[in-house]
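> pasting a predicted model and its sequence here:
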Amino acid sequence: MEEVILEQKDAGDWIYRGEGAANLILAYTGSSPAFIGKVMRIQKSQRNGKTGVKGSRALTTHERLVWRENEELTASPNREIVEQLYVKHVMSPLLGPKHVDVGIRVHVAKEFLKSVEKNVTFHRPAWRVDSSQVDLNRDSVLILSDHSVFPTGSLKDEPCITVEIKPKCGFLPISRFIAEENAVKKTVVRFRMHQALKLLNQEVSEYSKYNPLELFSGSREGIQKAIEALYATPQNNFRVFFNGSIVFGSLGGGTDRTTALVGEAFEDTLKNIIQAENGQRTTSFIQLVAETIYASGALDKLLEVQKLDTHDIEGAIHAYYNITSQPCMVCRELSKDKLSCRYTSLHSIPLDESLKIVKDYLIAATAKDCSLMISFRPKEDGRLPSHNTVYLGSTDQVFEYKVYFIDLDLKPLKKMEAYYELDKKIVSCYSQMVKTEHETDKAVRMNSNGSVRDQRYALEDSFLNCYTEDCTGKCN
Ligand SMILES: O=P(O)(O)O[C@@H]1[C@@H](OP(=O)(O)O)[C@H](OP(=O)(O)O)[C@H](O)[C@H](OP(=O)(O)O)[C@H]1OP(=O)(O)O
Ligand SMILES: Nc1ncnc2c1ncn2[C@@H]1O[C@H](COP(=O)(O)OP(=O)(O)OP(=O)(O)O)[C@@H](O)[C@H]1O
Ligand SMILES: [Zn+2]
């Protein structure tokens, strides 16, 4: 922990950059060399009466069990330190330290946090203000490199463009613990099914065209298709920053509520970095992003970590109840005929095995929720050769790039029950939608001899038919 303490007078140097469900991100605008090129990550608390979003205490007794092999974590006095050590000792070795910034913690006075809160309120999305506030009970914040720019020391007017991607889960589960009635999970990717629930809850206004299986496909074509889809429907999965300011996508996380530059304006911004004719720059930019993801291999690592979820929540939840020594709520709910020995046998495995299943599940959960920030700057001839360069054929340009994972937070053990409930909700909402659509579709066809197909059904149909294991993406 740095010895510096940020006071009320320092608050004016920090401006709103963005936020997610749990943290507020501020960028530094002052002149202290220690903070130039840095952002501050401040934990929020929910307004609905709960304390910190992630809880403010250190690890709970059961979490200490789960993480007992990671002594650095279990010895930590508070949650903030645990969070940082989790990134350092668990996520960074798995994802590669080159792509992970652990950051440093800095003390802050309560007056600093109060001042910051006041200064940024206007810039925050109203719905985020309604649901969360700066957690005034924290006495330290995290200082991280600003991944939307290159480190200081770069030439002053050098342009930098950064994409932020929240890829979500990139594989189809194959766990034998997935119940027969939920078998759809093995063929339709979770992100697509979740869209149905988000649409129902009006969290999104249209289906995302994005398919995580394409982004993680390891093929140039698949990745390119995924980036095109993210550009078409960014939701909270895609943003672009130019010299640290957002130019595409929505600020503040969540869904697709506010969009910065669109279409022509975005093309216009790109002229600072992509040497192509007007109208061609966005296409070239998408190629650049796709090529870099392909070349960097960062997503291959991420996928490996996501796949630590070997049992799926339908298996891991039983191991969770073993750890907490509670009667298994899931087995209790299942009627006798459905209570297969697949599940009951999970209750007689050794504790170590349960701990491993749940620990791996939680690590995978972090990997399914984190984001990537990829920054580019045109390569100057005089600069030393770097491994991290990518050639953009369509404009004959060479770019330097860097890739960082952000939001590698430890998921609380207590969330296991919520994961199980959400999973059920997603599958049932999606299945219900498929059923309704097919019935409606049949009725529409019957009424019109098959000629009337309004756009909505056509769209939803293509969504429903697509993204299964066998789909090559051609049906879109
Ligand atoms: O459950 P999911 O898949 O919806 O993920 C949540 C995210 O929703 P998303 O679907 O990406 O919009 C959610 O993101 P938003 O708030 O929707 O931007 C959070 O990242 C949440 O994590 P945490 O509670 O902050 O630790 C995420 O919760 P975890 O599941 O990662 O714990
Ligand atoms: N090191 C960084 N450099 C630049 N921008 C950042 C950095 N860290 C975070 N951001 C920006 O701030 C936003 C919110 O940060 P972050 O994802 O850490 O919040 P969160 O509350 O943990 O998110 P979630 O809702 O996923 O839990 C990011 O989407 C990104 O745009
Ligand atoms: Zn059980």
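Noted; the coordinates are in hand. Ligands and ions are numbered 1, 2, ... in the order given.

> which parts of the stretch 251-400 of the chain sit against ligand 3?
Applying CB under 5 Å from the ion, one finds that the stretch 251-400 of the chain approaches ligand 3 through 318, 328, 330-331, 343. Glycine gets a C-beta too; all of them are placed from N, C-alpha and C.

> kindly reformat the residues you listed as JSON lines containing secondary structure, pLDDT and neighbour count.
Shown next, in JSON lines, are those (DSSP: H, G, I helix; E, B strand; the rest coil; pLDDT from 0 to 100; neighbours: other CB atoms under 10 Å):
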{"residue": "318", "secondary structure": "helix", "pLDDT": "97", "neighbour count": "25"}
{"residue": "328", "secondary structure": "coil", "pLDDT": "93", "neighbour count": "19"}
{"residue": "330", "secondary structure": "helix", "pLDDT": "92", "neighbour count": "18"}
{"residue": "331", "secondary structure": "helix", "pLDDT": "90", "neighbour count": "17"}
{"residue": "343", "secondary structure": "helix", "pLDDT": "89", "neighbour count": "19"}
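
> format those as TSV; extra columns: distance to ligand 1.
Output for those, formatted as TSV (distance: CB to the nearest ligand atom, whole Å):
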residue	distance to ligand 1
318	19
328	21
330	18
331	23
343	23
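
> doesn't residue 141 fall inside a strand?
Yes - counting by DSSP: H, G, I helix; E, B strand; the rest coil, residue 141 is found in a strand.

> for it, give me its contacts.
6, 40-43, 105-106, 108 (CB atoms under 8 Å, 6 or more residues apart in numbering).

> now, which of those residues sits nearest ligand 3?
Comparing the contacts of residue 141 against ligand 3 with CB to the ion places residue 43 closest, at 33.6 Å.

> tell me where this protein has strands.
Counting by DSSP state E, the chain has strands at residues 2-6, 14-19, 23-28, 38-46, 104-108, 132-134, 140-145, 161-165, 238-242, 245-248, 371-378, 389-392, 397-406.

> weakest of those in terms of mean pLDDT?
Mean pLDDT values for the strands of the chain show the minimum at strand 2-6, a mean of 83.

> quick check: neighbours of that one in the sheet, parallel or antiparallel?
Next to strand 2-6 in the sheet, as set by DSSP bridges, lie strand 104-108 (parallel).

> can you put the strands of the chain in CSV and add distance to ligand 1?
Converted to CSV, the strands of the chain look like this (distance: least, CB to the nearest ligand atom, whole Å):
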stretch, distance to ligand 1
strand 2-6, 24
strand 14-19, 9
strand 23-28, 8
strand 38-46, 10
strand 104-108, 19
strand 132-134, 10
strand 140-145, 15
strand 161-165, 12
strand 238-242, 12
strand 245-248, 15
strand 371-378, 9
strand 389-392, 28
strand 397-406, 11
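
> is it possible to export the ones you listed to JSON lines including distance to residue 191?
JSON lines is the format used below for those (distance: least, CB to CB, whole Å):
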{"stretch": "strand 2-6", "distance to residue 191": "38"}
{"stretch": "strand 14-19", "distance to residue 191": "21"}
{"stretch": "strand 23-28", "distance to residue 191": "22"}
{"stretch": "strand 38-46", "distance to residue 191": "25"}
{"stretch": "strand 104-108", "distance to residue 191": "33"}
{"stretch": "strand 132-134", "distance to residue 191": "24"}
{"stretch": "strand 140-145", "distance to residue 191": "27"}
{"stretch": "strand 161-165", "distance to residue 191": "13"}
{"stretch": "strand 238-242", "distance to residue 191": "13"}
{"stretch": "strand 245-248", "distance to residue 191": "20"}
{"stretch": "strand 371-378", "distance to residue 191": "14"}
{"stretch": "strand 389-392", "distance to residue 191": "26"}
{"stretch": "strand 397-406", "distance to residue 191": "18"}
